[in-house]
Every structure is written in C-alpha cells, then in structure tokens.
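**Student:** predicted coordinates and the sequence they were generated for:
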Amino acid sequence: MVRPTQVRALEGYRLWLRFEDGVEGEVDLSHLAGRGVFAAWQDRAFFEAVRIDEAGAIAWGQDIDLCPDALYLKLTGKTPEELFPRVKAVTSGA
C-alpha cells in the first residue's frame, strides 16, 4: 500500500493529495457530495477539516473516511492488479 503523506481541500469537492512515492494531484469527489454521510461536506468548514488518520485513511470527523488505495487508483489511473500484483481478478462462474 502506498500511503498518503499530505492532503488539502480545494474548491468544490476536490482534494489535493501527495503519496509517499511522490505521486501527487487532484481528485474530484463531487460525485459523493450530498449523499448519505457525505451530506456533512455541505458544511465547507467540515470538508476543509480533512486529514490523514492514524490508519492512513483520508478522514473527516469520526465517521467519514475514504480508502487511500482507491484514491491512489483514481489519481493515477492504475488498476488494482497494477497496484497489488499478487491480487488476481476473480470472475464469477454464474
């Protein structure tokens, strides 16, 4: 797992992220905003209070966190198999 080292809220529902391997860039999370627990982001101060929690997740408050691996994949365009070479795609036989 590549861990995030920095996170910063940007305009709208975008985050700037930097990971320990030097990858950095912006991720747009507007597709989540206003849905379920992400309705809390409508309070701009809450969205801007983003942080990296002790487990390495991108977090807000005590109840909202996003998987850093998913954000890394979104940022880089890599597939899970590229990030985790030992993971093999599972296909359904149904």
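**Tutor:** Looks like it arrived, so ask away. Everything numeric here is computed off the predicted structure, so don't read it as measured data.
**Student:** okay, CA-based contacts and neighbour counts for the rest of this
**Tutor:** OK.
**Student:** hey, which helix or strand in this protein has the poorest pLDDT?
**Tutor:** helix 80-83 (a mean of 84; mean pLDDT, DSSP states H and E).
**Student:** please enumerate the helices of the chain.
**Tutor:** Using DSSP state H, the helices of the chain run over 44-48, 68-76, 80-83.
**Student:** ranking those helices by burial, who's on top?
**Tutor:** Per residue and on average, the most neighbours among those fall to helix 68-76, with a mean of 17 (mean count of other C-alpha atoms under 10 Å).
**Student:** now the least confident helix or strand of the chain, how far from the chain's geometric center?
**Tutor:** Counting by C-alpha atoms, centre = their mean, to the nearest Å, helix 80-83 is centred 16 Å from the centre of its parent chain.
**Student:** likewise for stretch 79-87?
**Tutor:** Taking mean C-alpha positions (C-alpha atoms, centre = their mean), stretch 79-87 and its chain are 17 Å apart.
**Student:** which residue is the nearest non-sequential neighbour of the one residue sitting closest to the centre of the chain?
**Tutor:** Centroid-nearest residue in the chain: Leu71, 3.5 Å away (criterion: C-alpha atoms, centre = their mean). Spatial nearest neighbour of Leu71, excluding adjacent residues (C-alpha to C-alpha, 6 or more residues apart in numbering): Val27 at 7.3 Å.
**Student:** so how far is Gly56 from the residue nearest to the centre of the chain?
**Tutor:** Distance of Leu71 to Gly56, computed by C-alpha to C-alpha, to the nearest Å: 12 Å.
**Student:** do Val2 as well
**Tutor:** In terms of C-alpha to C-alpha, Val2 sits 9 Å off from Gly56.
**Student:** what sits against the residue nearest to Leu71?
**Tutor:** For Val27, the contacting residues are Arg14, Leu15, Trp16, Leu17, Leu71, Lys74, Leu75, by C-alpha atoms under 8 Å, 6 or more residues apart in numbering.
**Student:** make CSV from those and add pLDDT and distance to Trp60 to it.
**Tutor:** Below are the contacts of Val27 laid out as CSV (pLDDT from 0 to 100; distance: C-alpha to C-alpha, whole Å):
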residue, pLDDT, distance to Trp60
Arg14, 97, 14
Leu15, 98, 12
Trp16, 98, 15
Leu17, 98, 15
Leu71, 96, 15
Lys74, 94, 19
Leu75, 95, 20
